[in-house]
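Asks: Sequence below, structure please.
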Amino acid sequence: MSIRLLPIVLLLAALSCADEARAEARRVFIAGDSTAAGYGPERAPRNGWGQHLQGFLDPAQFEVRNHAAGGRSARSFVEEGRLEPIARELRKGDVLLVQFGHNDAKVEDTRRYDDPETAYPQWLMRYVTLARERGATPILVTPVSRRVWDFGSLLDTHARYTQAVRALAAREQVALIDLNASSADWLRALGDETSKAYFEHVPERGVRDDTHFSAAGATLVACLVVRDWKALDPSLAGHVVRDTDCGAPASARADLAAQPHPSSVVHERDFARRQPGPHGGAGTTTAHPLFTDAPGLPFVMRKRVLHPGAGIGLHQHHKDEIYYVLSGRGRYVMDGKAYEVAAGNAMLTRPGSTHAIEQVGEDDLVLLIAYPVDPR
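Replies: Residues are numbered from 1 along each chain as shown. So this is what the prediction gives:
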């Protein structure tokens, strides 16, 4: 073989291996309605949770194929032929996520309406049967909650359809992601006003949509799907590339009411105290001892501003302490060695070490300081 041709042959071989690896990736098919569908920038801010699912999964191991379409019910999705492309592609090892219910409840539309006791589970069973025939894994997903509040309570607009999916999953031994329950818990924890940002609310355009999501809302719902999928299949965890500690439990409000020390938001200006340089340091500083009166905290966090000419004098440590430089420049001395530090530098001092720091230049040196509460 010509030496000149060798790089080309190697490149083709590498591409072939990559294609083969890609071909072996498990495909995740989504059959669903507008809450799961994908949207382009022209529909901003509307996003569907299906378009964010791939972002949670290792693309080398999973490939998401989102067939969800707006306005479809479990019936109309099939009758319009939208299940056929999935049927042609679905193979052993793939996953089929099925979420309907929003449009199945539209009793005035005979093309989409499905009675929750009879037609709805019958149509859903079409998807389950297809997946099983192909050797794929069907996962039924209850309809995601709408953001509908009434006198401070979140209303369940999918009750009968959610129950139908749960019953079908139990009867036919189908994996179930109860997205209605998890998304409702999430919305209750957010509250009425705060939850608006996660839906398609655009006041300047007069848009108030409590069914469809913003990008933030769709991403969070995708997170809920993956979180509960991991609970069904613990082996999935090794292929999830994003944190899925999302949502809130049903007990969130009760847990908050039982907390003796409430959470809070404060402004540093309310804590500003002018002080000399600590530990015999030169000059004047401004300390911001944040949350020093908050009971039960195992750590102390404060902001300290070293004004020009100021410093923190040399002292030995009996506890761990972190300095983080927010802005300005300084000269940091630790265990007899000097370091030039600036914004972005972080310094950890362990017990037994000695340290000191001085402000350098014309601008204030601003530090964020954290250390554990002294048990003595």
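Asks: what about the protein, any weak spots by pLDDT?
Replies: Low-confidence segments of the chain (pLDDT under 70): 1-23, 375-376.
Asks: Could you rerun that using 90?
Replies: Applying pLDDT under 90 to the chain flags residues 1-25, 252-264, 266, 271, 292-296, 317, 373-376.
Asks: mind giving me the domain split of it?
Replies: 8-257, 268-372 (automatic domain parsing).
Asks: Just the terminal-to-terminal distance for the shortest one.
Replies: Meaning domain 268-372. 20 Å (C-alpha to C-alpha, to the nearest Å).
Asks: returning to that earlier point: can you say which of the domains of the chain is packed in most?
Replies: Among those, domain 8-257 has the highest mean neighbour count (mean count of other C-beta atoms under 10 Å), at a mean of 18. Quick note: C-beta positions are derived from backbone N, CA and C, even for glycine.
Asks: for it, the distance to its chain's centre please.
Replies: Chain-centre distance of domain 8-257: 15 Å, with C-alpha atoms, centre = their mean, to the nearest Å.
Asks: same check, this time on stretch 335-351
Replies: 34 Å.
Asks: Stretch 295-309 too?
Replies: Per C-alpha atoms, centre = their mean, the centroid offset for stretch 295-309 relative to its chain is 30 Å.
Asks: hmm, who's touching it?
Replies: Applying C-beta atoms under 8 Å, 6 or more residues apart in numbering, the contact partners of stretch 295-309 are 261, 268, 277-278, 282-292, 312, 326, 328, 330, 357-359, 361-373.
Asks: same deal with stretch 262-274?
Replies: For stretch 262-274, using C-beta under 8 Å, 6+ apart, the contacting residues are Thr284, Thr285, Thr286, Ala287, His288, Pro289, Leu290, Phe291, Thr292, Ala294, Lys303.
Asks: Of the contacts of stretch 295-309, which belong to strands?
Replies: 284-288, 312, 326, 330, 357-359, 365-372 (DSSP state E).
Asks: which ones are touching the nearest residue in space to Ser214 that is not next to it in sequence?
Replies: Excluding the flanking residues, the one nearest Ser214 by C-beta to C-beta, 6 or more residues apart in numbering is Pro45, at 4.5 Å. Pro45 is in contact with Glu200, Val202, Ser214, Ala215, counting by C-beta under 8 Å, 6+ apart.
Asks: and those residues, which two are the farthest apart?
Replies: Val202 and Ala215 (12.9 Å; C-beta to C-beta).
Asks: Which residue ranges of this protein form helices?
Replies: 6-23, 74-79, 84-89, 119-133, 159-172, 179-190, 215-232, 252-258 (DSSP state H).
Asks: looking at those helices, which is closest to Ala338?
Replies: Nearest to Ala338, of those and by C-beta to C-beta, is helix 215-232 at 45.1 Å.
Asks: quick one: that closest one to helix 179-190, angle?
Replies: 130 degrees (axes from the mean of the first three to the mean of the last three C-alpha atoms, to 10 degrees).
Asks: Show residues contacting stretch 230-239.
Replies: Residues from elsewhere that reach stretch 230-239, judged by C-beta under 8 Å, 6+ apart: Leu57, Asp58, Gln61, Phe62, Ile139, Ala175, Leu176, Ile177, Val226, Trp229, Val240, Thr244.
Asks: Which members of those residues are the farthest-apart pair?
Replies: Farthest-apart pair in the contacts of stretch 230-239 is Asp58 and Leu176; separation 23.9 Å (C-beta to C-beta).
Asks: excluding its backbone neighbours, what's nearest Ala25?
Replies: Closest to Ala25 by C-beta to C-beta, 6+ apart is Glu63, at 4.8 Å.
Asks: how far away is that neighbour from Glu42?
Replies: 25 Å (C-beta to C-beta, to the nearest Å).
Asks: Next: Ala189.
Replies: Counting by C-beta to C-beta, the gap from Ala189 to Glu42 is 32 Å.
Asks: Also Pro138?
Replies: Taken as C-beta to C-beta, the span from Pro138 to Glu42 is 33 Å.
Asks: Equivalent analysis for Leu83, please.
Replies: 27 Å.
Asks: likewise Cys223?
Replies: Cys223 sits 25 Å away from Glu42, going by C-beta to C-beta.
Asks: Go ahead and confirm Gln51 touches Arg43.
Replies: No. Using C-beta atoms under 8 Å, Gln51 is not in contact with Arg43, being 10.7 Å away.
Asks: give the contact list for the closest residue to Gly328 other than its chain neighbours.
Replies: In space, Gly328 comes closest to Leu365 once its chain neighbours are excluded; the distance is 3.8 Å by C-beta to C-beta, 6+ apart. Residues near Leu365 by C-beta under 8 Å, 6+ apart: Val305, Leu306, Ala310, Val325, Ser327, Gly328, Arg329, Gly330, Ile357, Gln359.
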